[in-house]
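1. show me the folded form of this:
(chains A, B and C)
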Amino acid sequence: MKSHDLHSWDVTPAQAREIQERLGSRVIRRDMFRSIERVCGVDVGFCGERAVAACVVLSFPDLEILDHSVHSAKVTFPYIPGLLSFREIPSLLPALEALRIAPDLIIADGQGIAHGRGIGLASHLGLLVDTPTIGCAKSRLMGRYTEPGAEKGDWEYLYGDDTVIGAVVRTRRSVKPLFVSIGHGIALHSAVFYVLGCCRKYRITEPVRLAHRLAGGGVI
DNA sequence: GCGACAG
DNA sequence: ATCTTGTCGC
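-> All right, here's what the predicted structure looks like:
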């Protein structure tokens, strides 16, 4: 798949925040797709000074592997809460561009709009590749919530000040919930639906779990 | 000033 | 994220 060149990645933390302020309003919070048949999980692992990005495309709802790609690049930005995009997306774009099968939906390991400026990693990535994305983080960055029920499928809204910014979803019985939020081009309820539809035997989504293993040097 | 803080 | 073994709980 191809991606837009919306800005430079050689920036300072202050410039990165300015870019987020400028792009945040472009994020679309409603469904912008016909049907979802191919879901891609993306993740980035680190080996010293190298970032290893991996993508795995699965069929939906069967979750059969259709395609995958890996790309490593030098790390150029530190981890700063709120600026994860600038550390991981530079290595993720080449990996996504190398895919032979373009996905209908991308699930990222991080926040979507549940972010200080409304544009976390998943939202930022969605804008760049013009594809619906979901933010699926393993922990909270922002927002208040009440603990969801213990059964798989139980969930509660995640609130920021006075508005809904995401959902806290139990993807397996009695395990820590996932923090799901709109990435780009998808509504929150649809995001929760696809995340649950992508979970099998593990807490994390199957596409992201496989991408995580690939990025860590493992086999699919 | 202090605490919180995706990966 | 990453460094790391066994262990407690469902």
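2. hey, let's count contacts and neighbours off CA atoms from now on
-> OK.
3. quick one: contacts for the residue nearest the centre of chain A?
-> For chain A, the residue sitting closest to the mean C-alpha position, by CA atoms, centre = their mean, is A:A108 at 1.8 Å. A:A108 makes contact with A:G41, A:V42, A:D43, A:L121, A:A122, A:T133, A:I134, A:G135, A:C136, A:A137, A:V208, according to CA atoms under 8 Å, 6 or more residues apart in numbering.
4. most neighbours among these, which one?
-> A:I134 (34 neighbours; other CA atoms under 10 Å).
5. just checking, that residue touches A:F179?
-> No. The criterion here is CA atoms under 8 Å, and A:I134 misses it with A:F179 at 10.3 Å.
6. related to what we said a few turns ago, does the residue nearest to the centre of chain A have beta-bridge partners, and which?
-> Counting by DSSP bridges, A:A108 forms beta bridges with A:V42, A:G135.
7. quick check: it vs A:E151, distance?
-> Separation of A:A108 from A:E151 (CA to CA, to the nearest Å): 23 Å.
8. and what of A:K176?
-> Between A:K176 and A:E151 the distance is 11 Å, computed by CA to CA.
9. so between those two, which is more surrounded?
-> When A:K176 and A:E151 are compared for neighbours, A:K176 comes out ahead with 17 against 14, by other CA under 10 Å.
10. which bits of chain A sit near DNA strand C?
-> Residues of chain A lying near DNA strand C by CA under 7 Å from any atom of the strand: A:V44, A:G45, A:F46, A:C47, A:R173, A:S174, A:G216.
11. just those residues: which are in strands?
-> Among the residues of chain A next to DNA strand C, the ones falling in strands (DSSP state E) are A:V44, A:G45, A:F46, A:C47.
12. now for those: which two are most distant?
-> A:V44 and A:C47 (10.2 Å; CA to CA).
13. next one: the lengthiest helix in chain A to chain centre, how far?
-> Assignment by DSSP state H gives helix A:85-97 as the longest helix of chain A. Remark: helix A:85-97 is offset 12 Å from the chain centroid, using CA atoms, centre = their mean, to the nearest Å.
14. could you dump that helix to CSV, C-alpha only?
-> The C-alpha trace of helix A:85-97 is given here as CSV (Å, rounded to 0.1, in the frame of the first residue of the first chain):
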residue,chain,number,x,y,z
SER,A,85,4.0,8.0,16.5
PHE,A,86,7.3,9.7,15.9
ARG,A,87,9.3,6.8,17.3
GLU,A,88,7.4,3.9,15.6
ILE,A,89,5.7,5.1,12.4
PRO,A,90,8.9,5.8,10.4
SER,A,91,9.7,2.1,10.4
LEU,A,92,6.1,1.0,10.1
LEU,A,93,5.5,2.8,6.8
PRO,A,94,8.0,0.9,4.7
ALA,A,95,6.7,-2.3,6.1
LEU,A,96,3.1,-1.4,5.2
GLU,A,97,4.2,-0.3,1.7
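15. just put the contacts of A:A108 in TSV and tack on pLDDT.
-> TSV is the format used below for these (pLDDT from 0 to 100):
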residue	pLDDT
A:G41	98
A:V42	98
A:D43	98
A:L121	98
A:A122	98
A:T133	98
A:I134	98
A:G135	98
A:C136	98
A:A137	98
A:V208	98
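16. quick one: neighbours of A:D5, just the number.
-> 9.
17. could you pull out the helices for chain A?
-> Using DSSP H, helices in chain A cover A:13-23, A:85-97, A:121-129, A:188-197, A:206-215.
18. out of those helices, which is closest to DNA strand B?
-> Closest to DNA strand B of the helices of chain A is helix A:121-129 (CA to the nearest atom of the strand; 4.1 Å).
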